[in-house]
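Colleague: Next one to model:
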Amino acid sequence: MAAPKEDVRDSSTSFPVKNNCIAVEVNSHKTELVCCTFEDRIFCIVTQYQKLGMLVDVTREIVMEETDTAPPRYSTRVLLGKDEPMTHVLAQTLISKLDIHKPIILAMALKDTAPSSVKKLAEYLTQLVNT
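Modeller: Here you go, the predicted structure:
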């Protein structure tokens, strides 16, 4: 069970890059999430090791027949770290609830990759990006 959310810190008033961060506990693992919004892309960090870990480039695919009910599709490319199927699944799950069109650079360093934990982290990431 996740601990109550701590304050989301917004530094957009003092720095030209909008950046938000939050520290939460998910299944007994202290987790830090950071999002920096740049002009052309978003950089997100989700870490339980206090390190960047793997870097994944995530881009939203343009689907000509995309409807409002269909979930968006994303393509992933590992920039740094092991290029394993699980890496792509984790990245797509973490950004699945985001409704943005900018490319995302996602840094992940996770101890707990259980589906329930990753879904909870996706909710926190969505909250962070949308603030």
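Colleague: Could I get the average pLDDT for the longest helix along the chain?
Modeller: In the chain, with assignment by DSSP state H, the single longest helix is helix 115-129. Taken as a whole, helix 115-129 has a mean pLDDT of 95.
Colleague: Tell me, how many residues neighbour residue 126?
Modeller: Counted with other Cβ atoms under 10 Å, residues neighbouring residue 126 total 17. Where C-beta positions appear, they are placed from N, C-alpha and C, glycine not excepted.
Colleague: ok, now residue 71?
Modeller: Residues near residue 71, counting by other Cβ under 10 Å: 9.
Colleague: Okay, helices next: where are they in this structure?
Modeller: Going by DSSP H, the chain shows helices at 85-95, 115-129.
Colleague: Of those, which is nearest residue 25?
Modeller: helix 115-129 (10.3 Å; Cβ to Cβ).
Colleague: Any idea which helix or strand in this structure has the lowest mean pLDDT?
Modeller: Among the helical and strand segments of the chain, the one scoring lowest on mean pLDDT, DSSP states H and E is strand 9-10, with a mean of 55.
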